[in-house]
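A.B. asks: the following comprises the amino acid sequence and a computationally predicted model.
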Amino acid sequence: MIALNCATGTLAPYVPSSERPWDRRRAAHIYKRLGFGANAATIDAALQQDPTTLVESIITNAIAKPLPNAPVWANWAIGDYNQDTIQEDVVQQTFDWTVAWLEEMMSENPLREKLALFWHNHFVTQLDAYQCPSYLYNYHRILQQYALGDFKTFTEEIGKCPAMLIYLNGVQSTRLEPNENYARELYELFTLGENNNYTQQDITETARALTGYNGFTEACAPIGFLQISHDPGSKTIFGQTGNWGYEDVHQLIFTERRDEVANFICTKVYKAFVSPNVDETIVAGLAATFKANDFNLAPVFRQLFKSEHFFDDAVLGVSVKSPIEAMLHMLKEIDFPYQGIMNPDYNVNQILLGVYFQSAQIGQQLWNPTDVAGWDGDQAWINSNTLTGRWETSDFVTFSMFQNYRFMLIDLAKALSNNSADAEFVTQVIVEHFIPQGLQTPDDYDRATMVFKSDFVPGNYFEDGTWSLDYDEEVVAAQIALLIRHITRLPEFQLA
């Protein structure tokens, strides 16, 4: 069965209208696609701005955002470690950097990190293959640095980073024995797409051109270029003959296969940020922009995220959240304190580490995509096993908030409902905060209201005015937690 994309609208800038109003659904859509959700105050503030101006500010601020400070171990080789504690230190450094990245994802402007996560699933490496915190840091920094930058330079830099050189065997590729793994994936997965106007001969000759990155002194040390191990001979790639080297290969890709690169990358961008069902006309327009800007990514994202097509009803809530997205959306939408320790008896990092471990259990372990092709995404995230796992991971977030931040659950309900004492209305606004598209029928809302009222409060209290959001902190927080638990089990919740 072929799924159709019913979205209308072009790449012209979005102008709110009666058919496409600037409302909470569309404001939430921006933050779900350009980040990991938003709290009520952020969405309220967004509605006071022009949507295209808002998108521009998000992109501009993401480009200007300084890269995180390098950790002290950023350039450590194996010899820099205390050999008695090296195993524990490597694990701890990896966890620390993972939590730091999750904190960046939870920040006020997480677009760069949303894109870094996207590129992590494009330029795939696996930590299990190299096990060096310094290599992990270097790889991640490239993802962040070029997330909105020059894609040609991005591709050149990622292929030389130690994590990639080890993962796809570049460090083993010499003039005497060229290894074709990276050359093949460079075309098939990173630039052109599978079987898209390249040949096995192109792969073979490219592997020869890429040789020489074997300057390996000790584990976790930088890997440099060795001229002596590079094949200096004549190679023919895409019908062009010369003594091609590493930079030459990339120049050939972006000159001889401009159309293929542009279409392939823009298709992936569209699937990830708009809809899994591709609109070829929109992709063609994005590809033209990509080429016209010499493969700079920012103009493509600006055009797409400001477009009327991006705000069309048919692309709101059509993509299945990844496990990381599902958990971070919950935390952001509850307004979880991602930095600092609001409760001195509870370390916030425990929840963020929980996000890492729980998401790994249901198919998305940061730093270790499934294989070189990455996570399949969208509907592949959900099956009979992972769905129950998703419920359990959502319960982890909800229970953690109830145990440690009850007041935040109540503050959320007050902010969304203007401190209403109408249980039906409170239920509705909480539901539509987590599911901006809303529920399908009145009966669905009635069931949600019954869950919210719960057995903790006598039924007549909702009628005679005894109950309010100030009724009893533990009871009201439990009501909200139960409602959130109900919401996270609805099919609509899994969509962004």
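C.D. replies: On my side now, so go ahead.

A.B. asks: quick one: T52 is in a helix?
C.D. replies: Yes. Using DSSP: H, G, I helix; E, B strand; the rest coil, the assignment for T52 is a helix.

A.B. asks: ok, it - contacts?
C.D. replies: T52 sits next to 13-14, 306 when contact means C-beta atoms under 8 Å, 6 or more residues apart in numbering. For every residue, glycine as well, the C-beta is placed using N, CA and C.

A.B. asks: distance of it from P162?
C.D. replies: For T52, the distance to P162 equals 41 Å [C-beta to C-beta, to the nearest Å].

A.B. asks: what number of residues lie near M105?
C.D. replies: M105 has 23 neighbours, counted by other C-beta atoms under 10 Å.

A.B. asks: my read is that it contacts F36, right?
C.D. replies: Yes. With contact defined as C-beta atoms under 8 Å, M105 and F36 form a contacting pair (5.5 Å).

A.B. asks: need the residues touching each of the two.
C.D. replies: Shared contacts of M105 and F36, defined by C-beta under 8 Å, 6+ apart, are found at 114, 328.

A.B. asks: OK, contacts around the nearest residue to S322 once chain neighbours are set aside?
C.D. replies: If the residues on either side of it in the chain are set aside, S322 comes closest to Q364, at 5.4 Å by C-beta to C-beta, 6 or more residues apart in numbering. Residues near Q364 by C-beta under 8 Å, 6+ apart: 322-324, 375, 381.

A.B. asks: from those residues, list just the buried residues.
C.D. replies: Under a neighbour-count criterion of 16 or more other C-beta atoms under 10 Å, the subset of the contacts of Q364 counted as buried comprises 322-324, 375, 381.

A.B. asks: skipping adjacent residues, who's closest to A77 in space?
C.D. replies: The spatially closest residue to A77, leaving aside those adjacent along the chain, is A221, at 3.8 Å (C-beta to C-beta, 6+ apart).

A.B. asks: quick one: neighbours of the one you found, just the number.
C.D. replies: Neighbouring residues of A221 were enumerated by other C-beta under 10 Å; the total is 19.

A.B. asks: try the one 5 residues further on
C.D. replies: Burial measure for L226: 15 neighbouring residues, criterion other C-beta under 10 Å.

A.B. asks: and what of G374?
C.D. replies: 16.

A.B. asks: which parts of stretch 317-335 are buried?
C.D. replies: For stretch 317-335, using 16+ other C-beta under 10 Å, the buried residues are 317-335.

A.B. asks: which secondary element of the chain has the worst mean pLDDT?
C.D. replies: Counting by mean pLDDT, DSSP states H and E, the chain has its least confident helix or strand at helix 348-361, which shows a mean of 86.

A.B. asks: got a list of contacts for the helix or strand just after that helix?
C.D. replies: Helices and strands here follow DSSP states H and E; after helix 348-361, the next one along the chain is helix 384-404. Residues from elsewhere that reach helix 384-404 (C-beta under 8 Å, 6+ apart): 323, 326-327, 330-331, 334, 336, 343, 346, 350-351, 354-355, 358-359, 361-363, 382, 408-409, 477-478, 481, 484-485, 488-489, 494.

A.B. asks: quick one: mean pLDDT for helix 384-404?
C.D. replies: The predicted model assigns helix 384-404 a mean pLDDT of 90.

A.B. asks: please apply the same query to stretch 325-345.
C.D. replies: Confidence over stretch 325-345 (mean pLDDT, whole number) is 74.

A.B. asks: and if you look at stretch 196-213?
C.D. replies: In this model, stretch 196-213 carries a mean pLDDT of 98.

A.B. asks: for that stretch, buried residues please.
C.D. replies: Residues of stretch 196-213 classed as buried under the neighbour-count rule (16+ other C-beta under 10 Å) are 198, 202-213.

A.B. asks: and that stretch, end to end?
C.D. replies: Using C-alpha to C-alpha, to the nearest Å, the gap from the first to the last residue of stretch 196-213 comes to 27 Å.

A.B. asks: show residues contacting it.
C.D. replies: By C-beta under 8 Å, 6+ apart, the surrounding residues in contact with stretch 196-213 are 159-160, 165, 170-171, 173-175, 178-180, 182-184, 186-187, 192, 223-227, 229-231, 233, 235-238, 244-246, 248-249, 257, 260, 264.

A.B. asks: how about 7 Å then?
C.D. replies: Under the contact criterion C-beta atoms under 7 Å, 6 or more residues apart in numbering, stretch 196-213 has outside partners 160, 165, 170-171, 173-175, 178-180, 182-184, 186-187, 192, 223, 225-227, 229-231, 235-238, 244-246, 248-249, 257, 260, 264.

A.B. asks: try stretch 301-318
C.D. replies: Residues lying outside stretch 301-318 but in contact with it, judged by C-beta under 7 Å, 6+ apart, are 6-14, 20, 25-26, 29, 34, 52, 55-56, 59, 148, 269, 273-275, 282, 286, 289, 436-437, 495-496.

A.B. asks: buried subset of those?
C.D. replies: Neighbour-count burial (16+ other C-beta under 10 Å) applied to the contacts of stretch 301-318 gives 7, 9, 11, 14, 20, 25-26, 29, 34, 52, 55, 59, 148, 269, 273-275, 282, 286, 289, 436, 495-496.

A.B. asks: which positions in stretch 290-308 come out as buried?
C.D. replies: Under the neighbour-count criterion of 16+ other C-beta under 10 Å, stretch 290-308 has 290-291, 293, 295-308 buried.

A.B. asks: before we move on, back to that, just the buried ones from the contacts of helix 384-404, in ChimeraX syntax?
C.D. replies: Those of those that count as buried under 16+ other C-beta under 10 Å are selected in ChimeraX with:
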select :323,326,327,330,331,334,336,351,355,358,359,362,363,382,408,409,477,478,481,484,485,488,494
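
A.B. asks: all helices for the stretch 101-250 of the chain, in order.
C.D. replies: Per DSSP state H, counting those that start in this stretch, the stretch 101-250 of the chain has helices spanning 111-120, 127-130, 133-145, 151-160, 162-167, 181-185, 200-209, 246-256. These are given in chain order.

A.B. asks: and the fifth one, how far out from the chain's middle?
C.D. replies: Just to be clear, that refers to helix 162-167. On the basis of C-alpha atoms, centre = their mean, to the nearest Å, the separation between the geometric centre of helix 162-167 and that of its chain is 22 Å.

A.B. asks: again with the first one
C.D. replies: For helix 111-120, the distance from its own C-alpha centre to the chain's C-alpha centre is 5 Å (C-alpha atoms, centre = their mean).

A.B. asks: quick check: mean pLDDT of that helix?
C.D. replies: What helix 111-120 shows for mean pLDDT is 98.

A.B. asks: fine by me, thanks again.
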